[in-house]
Structures are given as structure tokens and as C-alpha cells.
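Chemist: whatever this is, show me its structure:
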Amino acid sequence: MATGCSFFSFDPDVEDGAQGEGTGEAPMLAALVESGDLPPLEERLPDEPLVVEPNDRIGVYGGEWSTALVGAHDWPWLGRTVAYENFVRWAPEWDEAIPNLATEWEYNEDATEVTIHLREGIKWSDGEPFTADDVVFALNDVFNNHDLSPMAASDPGTAEKLDEYSLTITFDDPNALWIENNFILYQLVEKPLHYLGEFHIDHNPDADELAEEEGFADWVEMFDAKAGVLSSVQYWQNADMPTLRAWRVVEPLADSGQMVLDRNPYYWKVDPEGNQLPYIDHVEFDIMQDEEVMLVRALNGELDMHSRHFNTLANRPVLAENRESGGYGFFDLVPGEMNTAMISLNLSHEDDDLREIFNDHDFRVALSHAINRQDIIDVIYQGQGEPWQGAPREESPFYNEGLAKQYTEYDVELANEILDEAGYDERSGGVRVAPNGAPVSFDLSVPTDFRPDIIDSMEMVVGFWDELDIDVDLDTEDRSLWQNNREENEHDANVWSGDAGLRDAMYDARWYAPVHDGESNFGIPWAKWFRSDGDDPRSIEPPDEVKEHLEMYEAVEGEPDPELRDELMADFLSVSQERFYAIGISLTPPGYGIVADHFHNVPESMPSSSVYNDPGPTNPEQYFIEE
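Modeler: Presented below is the predicted three-dimensional model:
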């Protein structure tokens, strides 16, 4: 069981120290109460609203948070800023998961069931109650519906209502990581039954007729347009959708222009003095088509708080120089990314000769020693970073120095010696020949529209490997082609950034074993075998030692006790060190975001990861604006 939530019992007689007027709510809402257009605050809040401790101080109401998107498909920034509401949430320091919409949760002994107790009295932004029925509807009727969701083909779990505010979710396999980190979780708490039921055939027998009236082909197309099941873009384009979040959409997401959100009058969180959150009235996202335009807007001081797209290593000097005139400062980002570039030799290659070469541990070790990482750091990354393998960062609870630093010493003589002793001592046409008689020649593919620094660093790597008489061609590919080749197991070797270097290493172990069937680039078919129990026709059964390693990760996923789970994860990473699946280059340098001088309660530093979902866990509802 997880508990420890801070509660607040609303008392309308308690004076509001932040405002000095004792209202406990934003003036714009107080005016609606006065006019009779909105119920009083005590009727809108739960009996025990969640208390949010301000990062620095109690805020004041009002103002507009100005930020930006690069096109309509930049919706992840929406999710990170104004949509971070799940059953549980990460503590700002990312040291634990803490209650949010759920006050308690508990797994059974084998982690095939989790029972969730929802916070009682929460209301949707239209005033309707949020209950277990909403979650059961989202999971059973939406994500388990094969017409609506591709998730139905996997194991999203099934929900059973216990009472108005409690439910149990059951899985086919142990899933102890589910409630802390499952990418569909936020969607389970954004599907209000009272609103969406009208568009679902199981709740409205006339849904197809309604769809025809509204110009859709059928109820499935209509439901997706309303709820955004297949595309999150559509969710943000429906201003009628009730929400549990701090702000609600009033001007929907579009390809250009501006998206606007206003405060949710039924938001269920308060500060320690009983003031209903959020402090900020409106959030405005300017929708741009160019990152350079976003940079100019940042330099002009037109973005209040932002940490996406323009905040690159190359742009930092000009942004730093312009801080005083732009009226902004920096906050630090501790990157979840642990490596600037991860090189994956395809260990499940369909070509017998290349597969044998790539699976030779000594061969991979020799390639690693031949890379002058410090040269890459100095030339490409302005001297920032250090030689590093695919390993959690030092800030991570899973830091393993041996895994991080092994084979990073630049030593061409040692690399040649390792290759010679491993049987690669013969040459044909100036190229080494493997013990199986095949020339050591392969392509190294990099996507062209991802990160220029990776292409530049790989040009240097190919040069280093040429000194070993290994023939490697750098193949720059359109990203869609690169992804297709990876998914279809048609690549020799490829390169991507090294994600999951903080606490997220446990939840996204793609680089530490072939557990991710779309991202473990060194063994995608192995990962497909792992995730499908061998049922995927594209899967390949891995060697026994790899299967034993995968069983260790299964134990991590199935351990409900957090302390024991961390111990299992450390053991798992020790074997990752032995396996040495992929080759890393350097530790990703710290990042940064910008925050306006009048924008307050943003921490000086925060983790940055798709699992952490920054800045969401720092509680944007307690940010405030004051000159």
C-alpha cells in the first residue's frame, strides 16, 4: 500500500493569507459565484482536497502563462505542462511516487492485480463527479475495445468497480510498474463517462445514427474525434471535453495561431492556506512552425517558462548573453538521457556472418576502445560531458560505475590486440577478415532529421574504426526509412540517443536488455520474442544467456515491494555490464530551461525525462506571476 498524502479540510472562515481577502479562490471565479453562475468554493472542492506545497512561497492569482508549440503535433509539451494528472505522480525530486487522484493503491502478492482508492469528491470541470465508473469505462470500454484502440491487442488490464471510489485492475502478467509508469494512465482519467457515453455504441445504441448526423462514417470515427484515442491531437481539439486538470481548453489546438486554456473552477487542489489552485488564470500556447522563431521569441522575453526545442547546447551562449534584456533566467535540467549516442550492432541480424561477428563480445569491446571519446566531446559537445557507456547517470539510484566506464579508455593498440587475439588477424584488400572468413564490413545508419550532433560524432567514429582496418559506411537515412529498417530487422548497425539514465532506467530498460520491441535497437526481434512470448511472427528467440537476463527484468516488473524491486534492478544492471549489448559515446551534458523574472515557484533544478514528464511533477498549478 502507498499512503502519505497531505490532506486539507476546507473551512470557509479561514482567512486567505495570500490574498488578504479570505476568499480562497481566484477573483474571476469569485465574480461568477457572486453572479450565481458558479457554486460556492466549498461545494466545488472535495472535503479533503490535495494540498500542494509551493516550491518557494504562497502565490497570487492572475496572469497568463505564455509558452509555445512547434505545430499541432508538439502536443507532448501540453502533456508535460498542463496535463500531468494521473492516479499517482512523481514527487518533484523524483525519489518516490506519491498520491494524486488516488489516495491509496495496493498490489496483490504476484502483482497481477492493483486496487486503487480514488480521492472522494473530485469533480470534472463541468461539475459532474469523478468516480470509479469513469475509469472502468476508459479501460474496459475504450482501451479493451478492438475497434477503438490498438491497446486491446496487448494487455491493458481489465477493471472491476468495488464501490463508487474504489476499483481493482487485473493483468494477465505481473505488472508492478504499472501505476507509477504506464503511458495510457493519463488517458484512463480523461474519459468522462457522462460526456463520452453518448458517442459509444455500448452506452448509446443510436451512436451510429448520431455519427451520421455529425458527419462521421460511424461511431468509432466519431468517438475518436471526441476522445482522441488514436491521436492525442484530437483530444486537445475538443473544447467540450470535461477535464480534471488545472486548466481547461477554451481555444483548441490547431496547426497555427494560438491555443488557450482557462482555469478549471472545479480543480481539486489547494495551497497550504486553503487557496484553490491554480494561481495562473490562463495558459497561452503560440503555435509556431519554426524552432528559430521560437528562439527569437525567447530572446525577446515573450516566453514565460519553457524548456523544449530551442534550449540546445548551441543556443545557450546567445540566450545567456540576452538574459538581462530579455528579462529571464535559467533553470537547470538534469537530463534523463544518459548518452549522446548509442551504437547498436544488430545482434539478431539475418545475415549469419554479420550476426556471428556482432555477437562476439571481444569484437564489440575492441570497437569501443578504438573510439576517441574525448575528441568527440571536445569537437562536438564543446568540451561538456565525459566518456560513458549505456549506463544510468551518477544522479540515478541505479548508478553502476563499472557499467558506465568499462571499455571507454581510448587505446587503438589494445583494440588491435583484442581483434588479433580473437581471430580477426587476417586481411583481404586492406579489410580485416573475421574467423568465419567474412570481411568485417557493415553499414552504420543514422536518421538525418533527428540530431545533427549524432551524425557529426558518427563521422568521427567511422574514422576511428577505419584505423582498425574495419570497413564501415555511414548511411544517413530519412527517419521514416531508418525506423522501418529497424522495425523490420533490416539494419546492420544504427545509432540513437541514450534514454533512461535516471530513475527511468527501471521503467525504460531498452538499453540494458532487449526488453523494448521498438527501441532495443541491438535486438528488436529478441525483444519482440520477450514481449509476445514468441507469438509475434517477426520475433527471434534469443540465446539462453539473454533469456536468463530477460527473466531478471521480468522479476523487476513483477515485484510489488519498491525496495526489493530496486535491489533486483541493481542485480539486473550488473548482468547488463557483462552482456555489453551496445556501445555508448559520452554522458549527455546538463540541460536548461528559461523562466521569466516575473514567473515564480519554478525550481532551480529539475529532472528531465519522458518518464518524469518535466515540468509536470514540479506542480505547474503552483507557478504564479508577479512583477
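Chemist: near the residue lying closest to residue 291 once chain neighbours are set aside, how many other residues are there?
Modeler: Leaving aside its chain neighbours, residue 291 sits nearest to residue 309 (4.7 Å; criterion: Cβ to Cβ, 6 or more residues apart in numbering). All C-beta spots, glycine's among them, are computed from the backbone N, C-alpha and C. Using other Cβ atoms under 10 Å, residue 309 is surrounded by 19 other residues.
Chemist: go through the chain and flag its longest helix.
Modeler: Ordering each helix of the chain by length in residues (DSSP state H) puts helix 562-579 first.
Chemist: go through that one and flag the buried ones.
Modeler: Neighbour-count burial for helix 562-579, counted by 16 or more other Cβ atoms under 10 Å, picks out 565, 568, 569, 572, 573, 575, 576, 577, 579.
Chemist: right, and the first one touches residue 552 too?
Modeler: Meaning residue 565. No - with contact defined as Cβ atoms under 8 Å, residue 565 and residue 552 do not form a contacting pair (11.8 Å).
Chemist: who touches both of these two?
Modeler: Residues touching both residue 565 and residue 552 by Cβ atoms under 8 Å, 6 or more residues apart in numbering: none at all.
Chemist: what about the stretch 1-150 of the chain, any weak spots by pLDDT?
Modeler: 1-23 (pLDDT under 70).
Chemist: and for stretch 447-456, what's in contact with it?
Modeler: With contact meaning Cβ under 8 Å, 6+ apart, stretch 447-456 is reached by 340-341, 379-381, 446, 474, 476-479, 482-483, 495-497.
Chemist: mind listing what's buried in that stretch?
Modeler: Residues of stretch 447-456 classed as buried by neighbour count (16+ other Cβ under 10 Å): 447, 451, 453, 454, 455.
Chemist: which ones are touching the residue lying closest to residue 191 once chain neighbours are set aside?
Modeler: Leaving aside its chain neighbours, residue 191 sits nearest to residue 138 (3.7 Å; criterion: Cβ to Cβ, 6+ apart). Contacts for residue 138 (Cβ under 8 Å, 6+ apart) come out as 187, 188, 189, 190, 191.
Chemist: any chance of these in a markdown table, with distance to residue 584 too?
Modeler: Below are the contacts of residue 138 laid out as a markdown table (distance: Cβ to Cβ, whole Å):
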| residue | distance to residue 584 |
| --- | --- |
| 187 | 33 |
| 188 | 35 |
| 189 | 37 |
| 190 | 37 |
| 191 | 40 |
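Chemist: can you redo the residues you listed as CSV with pLDDT, secondary structure and neighbour count?
Modeler: Putting the contacts of residue 138 into CSV (pLDDT from 0 to 100; DSSP: H, G, I helix; E, B strand; the rest coil; neighbours: other Cβ atoms under 10 Å) gives the following:
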residue, pLDDT, secondary structure, neighbour count
187, 88, helix, 22
188, 93, helix, 24
189, 95, coil, 22
190, 95, coil, 22
191, 97, coil, 24
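Chemist: and of those residues, the nearest to residue 425?
Modeler: Closest approach between those and residue 425, by Cβ to Cβ: residue 187, at 56.4 Å.
Chemist: and the closest residue to that closest one other than its chain neighbours, how far is that from residue 72?
Modeler: Residue nearest to residue 187 in three dimensions, not counting chain neighbours: residue 138, with 6.7 Å by Cβ to Cβ, 6+ apart. If you measure residue 138 against residue 72 using Cβ to Cβ, to the nearest Å, the figure is 24 Å.
Chemist: what comes up buried for stretch 45-65?
Modeler: By neighbour count with 16+ other Cβ under 10 Å, stretch 45-65 contains the buried residues 45-46, 48-52, 54-55, 58-61, 63, 65.
Chemist: going by distance to residue 557, which of the residues you listed wins?
Modeler: Closest to residue 557, out of all of those and judged by Cβ to Cβ, is residue 50, at 28.7 Å.
Chemist: contacting residues for the closest residue to the closest one other than its chain neighbours?
Modeler: With Cβ to Cβ, 6+ apart as the criterion, residue 50 has its nearest non-adjacent residue at 4.7 Å, and that residue is residue 269. Residue 269 sits next to 49, 50, 51, 52, 246, 276, 277, 621 when contact means Cβ under 8 Å, 6+ apart.
Chemist: enumerate every residue touching the fifth one.
Modeler: The contact partners of residue 246, taken as Cβ under 8 Å, 6+ apart, are 82, 263, 264, 267, 269, 277, 278, 620, 621.
Chemist: change it to 7 Å
Modeler: By Cβ atoms under 7 Å, 6 or more residues apart in numbering, the contact set of residue 246 is 82, 263, 264, 267, 277, 278, 621.
Chemist: residue 481: how many residues sit nearby?
Modeler: Residue 481: 14 surrounding residues under other Cβ under 10 Å.
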